[in-house]
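Student: A predicted structure for the sequence below; I have some questions about it.
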Amino acid sequence: MDIKKIRAELETLVIDNPENRFYQRTGLPMPSNRDKSWDYNRGVINLNAYGMGILFGREAYLEQLLQTLPAQDETSEEAQQEVKKMLALEVYDNIAKRLEKLAISLQSSWEYKERARQLWDDVREYGRKSQSCKKEITHPTVLQSLRYQEALTYEQDNRTKLDMGDEHNRDRFCVETAGRLWAIAGETEKAVNYFNQGGPYSYPVAAATFERVGDRKNARAFWIKAAEDPQGYSDQQDVDAAEYWLKVGNLENALARYERAMNYWISQDGSIDLHGEEKPGRAEAESLRKQVVEPLKQRLKRKQKKARK
């Protein structure tokens, strides 16, 4: 059975009484007619067995169907891994998302805290199942499809946060995650767009991500942007900028920022920060000089000497 036949089987799938499939799959007892309702208690949904069947019956049936498909016929490696991908994305991830929403809705009520804890355990279990399937996927075509679908699903699930406001009030974690996923999926333009939306704080994340996927051009571009506009505490900005310049091989700029950091630390020797902790001072500046600045000067001299030959 090839991928097209698998997809055709799923597309024509019509599940009557999906809750019945849930009971067949899980072995839970069928509820009586009077139990077929949503129970409300203190404004929190108490999901009974009937509700569980409605929410997860389709996924339970799909899991059963997908697990039996490879055994029905000789299947190619690509088709087998396509089944793994569908199990991960269309079964386990969907169940985990729904369980997570239920756990969040229940954990605010003391009465349901234990039930919420059990649901979180289930969320983690289905997450492990999904990751296990994904790790088995090595076929290039299926792997690329998996990465694209993961990025697209994350983008769709977090559309509100991704579109909200400017770089100062946008959810930077969501923006960076979307950028990473699209970079891994090979959609460079989308990845660059999201990382730029994240602003200067996201530039080092972008550079490291593009390094990871082997995109040297964009990695270099974002290291330079990060070096030109470092963020964080003022007494750390110069050190960070220097390290970013080293990433692109600019020893001159790196040395200048390290020396600037040393001078800044010496000027604030003995100062205390807002947390009551002592700021970097003369001792830290001297350590930086010995361990980093002097070796870097030697590297720069060798580079300049080599360039003159």
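Tutor: Now that the structure is in, tell me what you want to look at.

Student: can you list contacts of stretch 140-150?
Tutor: By CB atoms under 8 Å, 6 or more residues apart in numbering, the residues outside stretch 140-150 that reach it are 78, 81-82, 84-85, 88-89, 134, 137, 181, 184-187. Placement of C-beta: from N, CA and C, glycine included.

Student: pLDDT for these - can I get that in TSV?
Tutor: As requested, the contacts of stretch 140-150 are arranged in TSV below (pLDDT from 0 to 100):
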residue	pLDDT
78	82
81	86
82	86
84	89
85	91
88	91
89	90
134	94
137	93
181	97
184	97
185	96
186	95
187	96
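
Student: May I see the ChimeraX selection of the buried members of these?
Tutor: A single ChimeraX command is used to select the members of the contacts of stretch 140-150 judged buried by 16 or more other CB atoms under 10 Å:
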select :81,82,84,85,88,89,134,137,181,184,185,187
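
Student: mind listing which of the contacts of stretch 140-150 are in helices?
Tutor: Among the contacts of stretch 140-150, the members falling in helices (DSSP state H) are 78, 81, 82, 84, 85, 134, 181, 184.

Student: how close does the second one get to residue 262?
Tutor: Read that as residue 81. Going from residue 81 to residue 262 by CB to CB, to the nearest Å gives 54 Å.

Student: repeat for the third one
Tutor: Plainly put, residue 82 is 57 Å away from residue 262 if you go by CB to CB.

Student: With the last one instead?
Tutor: Computed with CB to CB, the distance linking residue 184 and residue 262 is 38 Å.

Student: just the strands in the protein please.
Tutor: All strands of the chain, identified by DSSP state E, fall at 39-41, 44-46.

Student: Now that residue 172 has come up, it's in contact with residue 199, right?
Tutor: Yes: using CB atoms under 8 Å, residue 172 is in contact with residue 199, at 7.4 Å.

Student: my read: residue 59 touches residue 95, true?
Tutor: Yes: using CB under 8 Å, residue 59 makes contact with residue 95 at a distance of 5.1 Å.

Student: How about the contacts made by the spatially closest residue to residue 136 that is not a sequence neighbour?
Tutor: Distances taken as CB to CB, 6 or more residues apart in numbering place residue 84 nearest to residue 136, at 5.4 Å, with adjacent residues excluded. When contacts are counted by CB under 8 Å, 6+ apart, residue 84 touches 133, 134, 136, 137, 142.

Student: do you know how far the second one is from residue 157?
Tutor: If you measure residue 134 against residue 157 using CB to CB, the figure is 17 Å.

Student: How many residues are close by residue 152?
Tutor: Around residue 152 there are 15 other residues, counting by other CB atoms under 10 Å.

Student: how close does it get to residue 177?
Tutor: Here residue 152 is placed at a distance of 13 Å from residue 177 (CB to CB).

Student: nearest residue to residue 201 other than its sequence neighbours?
Tutor: In space, and not counting its chain neighbours, residue 201 is closest to residue 231: 5.0 Å by CB to CB, 6+ apart.

Student: cool, residue 225 as well?
Tutor: Distance criterion CB to CB, 6+ apart; nearest residue to residue 225, sequence neighbours excluded, is residue 203 at 4.7 Å.

Student: what's the answer for residue 113, then?
Tutor: Distance criterion CB to CB, 6+ apart; nearest residue to residue 113, sequence neighbours excluded, is residue 107 at 6.1 Å.

Student: need the contact list for that neighbour.
Tutor: Residues in contact with residue 107 (CB under 8 Å, 6+ apart) are 113, 116, 117.
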